[in-house]
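J.: Turn this into a structure:
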Amino acid sequence: MPVDPARLRAGRIETPASAAEAAQVLKAAAGAGQTVLACGGGCFLDCGTPLHAPDVLLRTTALARTVFHEPKELVVRVQAGMTLAALQSLLATAGQEVPWDFPWPERQTVGGLLARGLAGPRRLGAGMPRDHVLGIEAVLADGSVVRPGGRVVKNVAGYDLTRLFVGSGGRLGILTEATLRVTPLPEDAFAATAAFGSPAAAAGAVAAVLGAGLYPSFVELKGRWGEYTVAAGIEGLRESVAAGREALLGVLRGGGQVTELRGASVRVFLADWTRGPWERPGFVARVSVPRSRLGAVLEAVEGPLVANAGNGVIRVAPGRELAPVEAKDLLGRLHVLAVGLGGWAAQERGCLVGPAAEPGLSAGTRALAERVRLDLDPGGCLGGGRRA
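T.: Now for the predicted structure:
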């Protein structure tokens, strides 16, 4: 569930309305040795390691303006505090969208979405959020404003800052604007879900959809051992969706309780589906393996889990808080399983910190990540008291 910023008990709350105002806040905080945490709608604020009360909570909700939208160029630039719902509404007037599916779109901000770097079901057909980012504007801990990518190119210390910032969790700088590549709205969309009673049957259905030549926009799976739901969808030209409908149903009818969705109802379904591991508090682990090894993960993990099955990303969410020793044991077993299948595992939300939260991250990679962070935030201002 979204985090209520009030429970963070920050020393003070700042709500800048421009990058210049945000820069003033950060420069003053860094000079005073204070920590700053950026927060939009709070939807994924508790991802990663545990949160602690920051000295300054920087709310981006006043940064919600459209800088420009050029429909013919398929480009839009908005401030980072704009919600996903507002952005989609703006683009829909031109028959366009960003192909992102996230829970709580009325609260989820563009900046928070990019800072967290998570992807919804349609990542299979449309790619990751970072694939749609042409450029950003961000404020560094020292108060300097950088604008890498897009129309103005200015990188710092030789880094590709656009790529670095997406998924950084706000620990390198605070996003204030983003230039995005948009796509035309599909003429039609169709999706279907079906129930399967065993890991082999569920994994087989996923493989069959992926091998049917349908070019699905998403193939998802959720449930626990013996009770799985597989969901798959196609979108695009009306004729191609109609042609693919029967083929998709032909695969999923091998299960039970087939449900069909069409048009706008597919978007509503996806928004609900993505709440999966996030709708209840507690530990969430992410297991990434080649998608051909999905069945082996289902056989080994009793659940509950939610998977971007078409991409081999499985989130294991017990639905409760775990003690550190319990969380470490579960993540360790998941990591051993993932490595044996050619993948890796990491904590995505929970109580673990440092190497325990990312057991597969090598010492060299960890050192490189820390070097980048220190280059951009040598005083440790950003991150809001989040333990490393």
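J.: what ranges do the helices span in the stretch 51-200 of the chain?
T.: 84-92, 110-116, 123-126, 161-165, 199-210 (DSSP state H, counting those that start in this stretch).
J.: which stretch in these is the model least sure about?
T.: With a mean of 85, helix 161-165 has the lowest mean pLDDT of the helices of the stretch 51-200 of the chain.
J.: which outside residues touch stretch 47-56?
T.: 3, 8-14, 25, 29, 32, 34-37, 45, 116, 118, 169, 347-354, 357, 384-388 (CB atoms under 8 Å, 6 or more residues apart in numbering). C-beta here means a position set from N, CA and C on the backbone, and glycine is covered the same way.
J.: what about Pro290, neighbour count?
T.: By other CB atoms under 10 Å, 12 other residues sit near Pro290.
J.: which residues does it contact?
T.: So Pro290 contacts 312, 341-343 (CB under 8 Å, 6+ apart).
J.: that older thread, ranking the helices of the stretch 51-200 of the chain by burial, who's on top?
T.: helix 110-116 (a mean of 27; mean count of other CB atoms under 10 Å).
J.: Which strands or helices does that helix pack on?
T.: strand 36-39, strand 75-79, helix 84-92, strand 174-181 (3 or more CB pairs under 8 Å, 6 or more residues apart in numbering; DSSP states H and E).
J.: which stretch among these comes nearest Asp272?
T.: Judged by CB to CB, the one of the helices and strands packed on helix 110-116 that comes nearest to Asp272 is helix 84-92, at 14.6 Å.
J.: what angle separates that closest one from strand 75-79?
T.: 150 degrees (axes from the mean of the first three to the mean of the last three CA atoms, to 10 degrees).
J.: ok so, going back, between the helices of the stretch 51-200 of the chain, which gets nearest to Arg333?
T.: Closest among the helices of the stretch 51-200 of the chain, using CB to CB: helix 199-210, at 16.9 Å.
J.: Following element in sequence after the closest one, please.
T.: strand 218-224 (DSSP states H and E).
J.: what does the helix or strand of the chain with the lowest mean pLDDT contact?
T.: Within the chain, no helix or strand scores below helix 161-165, which has a mean of 85 by mean pLDDT, DSSP states H and E. With CB under 8 Å, 6+ apart as the test, helix 161-165 has contacts from 114-115, 130, 133-136, 138, 146, 148-149, 155, 172-173, 175, 372.
J.: Most neighbours of all those residues, which one?
T.: Counting neighbours by other CB under 10 Å, Leu175 leads those with 31 neighbours.
J.: That one pairs with what?
T.: Ala138 (DSSP bridges).
J.: hang on, isn't Glu348 packed against Val284?
T.: Yes. Counting by CB atoms under 8 Å, Glu348 touches Val284, with 4.5 Å between them.
J.: okay, and the common contacts of these two?
T.: With CB under 8 Å, 6+ apart as the test, Glu348 and Val284 both reach 277, 315.
J.: circling back to that earlier point, which among the contacts of Pro290 count as buried?
T.: Among the contacts of Pro290, those classed as buried by 16 or more other CB atoms under 10 Å are 312, 341, 343.
J.: Which of those fall within strands?
T.: Counting by DSSP state E, no part of these is found in strands.
J.: can you redo those residues as TSV with distance to Val325 and pLDDT?
T.: Output for these, formatted as TSV (distance: CB to CB, whole Å; pLDDT from 0 to 100):
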residue	distance to Val325	pLDDT
Gly312	29	96
Leu341	25	97
Gly343	24	97
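J.: With respect to Lys328, which of those is nearest?
T.: Checking those one by one against Lys328 (CB to CB), the nearest turns out to be Gly343, at 19.0 Å.
J.: where does the protein have low pLDDT?
T.: 1, 150-159, 384-388 (pLDDT under 70).
J.: Hmm, Ala29 is touching Thr35, no?
T.: Yes. Ala29 lies in contact with Thr35 (CB under 8 Å); the separation is 7.4 Å.
J.: Correct me if wrong: Val289 contacts Gly340.
T.: No. Assessed by CB under 8 Å, Val289 is found out of contact with Gly340, at 9.2 Å.
J.: Looking at these two, which is more packed in?
T.: The neighbour comparison of Val289 against Gly340 (other CB under 10 Å) goes to Val289, with 21 against 12.
J.: Could you pull up the residues touching that one?
T.: Counting by CB under 8 Å, 6+ apart, Val289 has contacts 296-297, 312, 314, 338, 341-343.
J.: what's the distance between Lys27 and Ser144?
T.: 9 Å (CB to CB, to the nearest Å).
J.: Could you do Thr162 as well?
T.: 16 Å.
J.: now Glu279
T.: When Glu279 is compared with Ser144 (using CB to CB), they lie 39 Å apart.
J.: So which residues of the stretch 251-388 of the chain form strands?
T.: 256-262, 284-288, 305-308, 313-316, 344-349 (DSSP state E, counting those that start in this stretch).
J.: helices and strands around the second one, which ones?
T.: To tie it back to what came earlier, the one meant is strand 284-288. Using 3+ CB pairs under 8 Å, 6+ apart: strand 284-288 touches strand 313-316, helix 324-340, strand 344-349.
J.: how about TSV for the ones you listed, with distance to Ala247 added?
T.: Formatted as TSV, these follow (distance: least, CB to CB, whole Å):
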stretch	distance to Ala247
strand 313-316	25
helix 324-340	32
strand 344-349	34
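J.: mind checking which of those is nearest Thr109?
T.: strand 344-349 (18.5 Å).
J.: who does the closest one touch, helix- and strand-wise?
T.: strand 284-288, helix 324-340.
J.: picking up where we left off before, which of the helices and strands packed on helix 110-116 sits closest to Glu246?
T.: helix 84-92 (29.4 Å).
J.: Would you mind pulling up the elements that that closest one packs against?
T.: Short answer (3+ CB pairs under 8 Å, 6+ apart): helix 84-92 packs on strand 66-70, strand 75-79, helix 110-116.
J.: returning to that earlier point: can you redo the helices and strands packed on strand 344-349 as CSV with distance to Gly379?
T.: Output for the helices and strands packed on strand 344-349, formatted as CSV (distance: least, CB to CB, whole Å):
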stretch, distance to Gly379
strand 284-288, 30
helix 324-340, 28
